[in-house]
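# my questions are about this predicted structure, shown below with the sequence.
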Amino acid sequence: MKRTILVVGAACVLAGILANARTPQQPAGRGRGAGEGQRREPDPRSRGGGDCRDNPYNCADAPNPLPAVSTVWLEEMTWMDVRDAMKAGKTTVLISTGGIEPNGPWLALGKHNYVLRANCDAIARKLGNALCAPIISLVPEGDIEPKTSHMVTAGTLSMREETFRAVLTDVVSSLEAHGFQNIIMIGDSGGNQAGQKAVAEKLNAQWNGNPVVAHIPEYYDYASVHRMLVDIGVSKEGDKPDGLHDDPAISMNMFITDPNSIRWAERVKAGKATINGVSLADRAKTTEIAKKIVEFRATKTVAAIQKAIANKGRTTTSQQ
């Protein structure tokens with residue numbers, strides 16, 4: 001008798017499982033077509049993460065219900081903003097790479113990313129037809145195990161070189177898929193340069209310069225910034241450095257994005273607002289010089305970008 005009850009019970013459980021294993025139905029109001037529960041074929045007009053048939057704002061040609069934005073940063077734009085910007089001629093996009101690394105006692109670990117926030121914006125606006133992709137903030141900073149280079153210092157985040165190149169390749173490929181005509185890479189750290197150059201040359205050759213993919217080594221030229229600061233009297237040739245992974249060009253370039261990134265207020269209060277003999281204590285003066293640094297770097301980089309585009313992204317002698 002017990003065996004009969006167990007068999008009957010097991011049969012009931014099995015029947016319940018089979019009943020629940022039927023093909024899932026589409027939610028009410030969706031997917032109804034030739035037969036009950038069938039999925040609709042994708043609508044090629046659909047954009048924005050929704051279906052054009054469910055809301056007209058999901059359609060490729062839907063007019064933007066809001067005014068154009070002033071930002072040049074992709075992550076701050078809607079898909080309609082990007083679509084309309086590209087239609088208006090903004091078909092150049094900048095990929096910038098920074099890093100998370102130690103920079104002495106005053107500067108935030110994201111030094112290069114703060115610098116790029118100011119500089120990519122300035123470069124894109126000076127070009128006039130460009131947007132900025134989100135900053136790639138993680139880059140090669142040394143081996144993870146055993147620890148080498150910046151990885152010996154707490155807080156550093158590193159990528160393997162092959163990971164970095166794979167990320168760059170996917171980002172460039174995504175932008176190519178959306179129709180950008182010029183995809184430009186700039187790096188604010190020395191460890192970024194080789195990977196960017198290799199990916200740019202590989203993809204530019206693969207696509208035969210359509211779109212142009214180029215790495216701009218001229219952007220990463222802090223020596224020229226230091227000479228500019230000497231020329232305008234901010235620093236002096238031969239000044240003894242403080243021996244920190246920091247200098248006036250870096251600190252001021254970060255300051256223009258966020259004074260807290262160089263602990264400006266705390267340093268002024270503690271009487272520590274100098275680097276390599278240059279005082280940062282006068283906020284108005286520091287802001288003025290910082291603007292000159294950003295303008296100098298943007299002007300130099302824009303000229304190099306225009307040359308690279310004219311050359312269809314092919315590596316020139318100056319890029320070796």
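Alright, I've got the coordinates.

# can you get me a residue count around the closest residue in space to V199 that isn't next to it in sequence?
Nearest residue to V199, sequence neighbours excluded (C-beta to C-beta, 6 or more residues apart in numbering): L168, at 4.5 Å. Where C-beta positions appear, they are placed from N, C-alpha and C, glycine not excepted. By other C-beta atoms under 10 Å, 26 other residues sit near L168.

# does L168 count as helix, strand or coil?
Classification of L168 using DSSP: H, G, I helix; E, B strand; the rest coil returns helix.

# measure it to T301 for me?
According to C-beta to C-beta, to the nearest Å, L168 and T301 sit 18 Å apart.

# what sits up against stretch 85-93?
Stretch 85-93 is touched from outside by 68, 74, 77, 127, 129-133, 175, 178-184, 305, 309, with contacts defined as C-beta atoms under 8 Å, 6 or more residues apart in numbering.

# which of the residues you listed fall within helices?
The members of the contacts of stretch 85-93 that map onto helices under DSSP state H are 127, 175, 305, 309.

# pretty sure K111 is touching P102, no?
No. Counting by C-beta atoms under 8 Å, K111 does not reach P102; the two are 9.0 Å apart.

# neighbour-wise, which of those two wins?
Using other C-beta under 10 Å as the criterion, K111 and P102 rank with K111 on top: 26 against 18.

# quick one: contacts for that one?
Neighbours of K111 in contact, by C-beta under 8 Å, 6+ apart: 98-99, 101, 103, 250, 254, 261.

# mind running it again at 6 Å?
N103 (C-beta atoms under 6 Å, 6 or more residues apart in numbering).

# from G313, how far off is it?
29 Å.

# neighbours around R283, how many?
R283 - counted by other C-beta under 10 Å - has 14 other residues nearby.

# please apply the same query to the one 10 residues further on.
Here the count is done by other C-beta under 10 Å, and I293 has 25 residues near it.

# pretty sure it belongs to a strand, no?
No. Counting by three-state DSSP, I293 falls outside a strand, being helix.

# isn't it right next to M254, touching?
No. Using C-beta atoms under 6 Å, I293 is not in contact with M254, being 10.2 Å away.

# quick one: end-to-end distance for stretch 124-140.
Distance across stretch 124-140, first residue to last, is 25 Å (C-alpha to C-alpha, to the nearest Å).

# related to what we said a few turns ago, any chance of the ones in helices among the contacts of stretch 85-93 in CSV, plus distance to K269 and neighbour count?
What follows is these, written out as CSV (distance: C-beta to C-beta, whole Å; neighbours: other C-beta atoms under 10 Å):
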residue, distance to K269, neighbour count
L127, 40, 21
L175, 44, 19
I305, 41, 24
I309, 47, 18
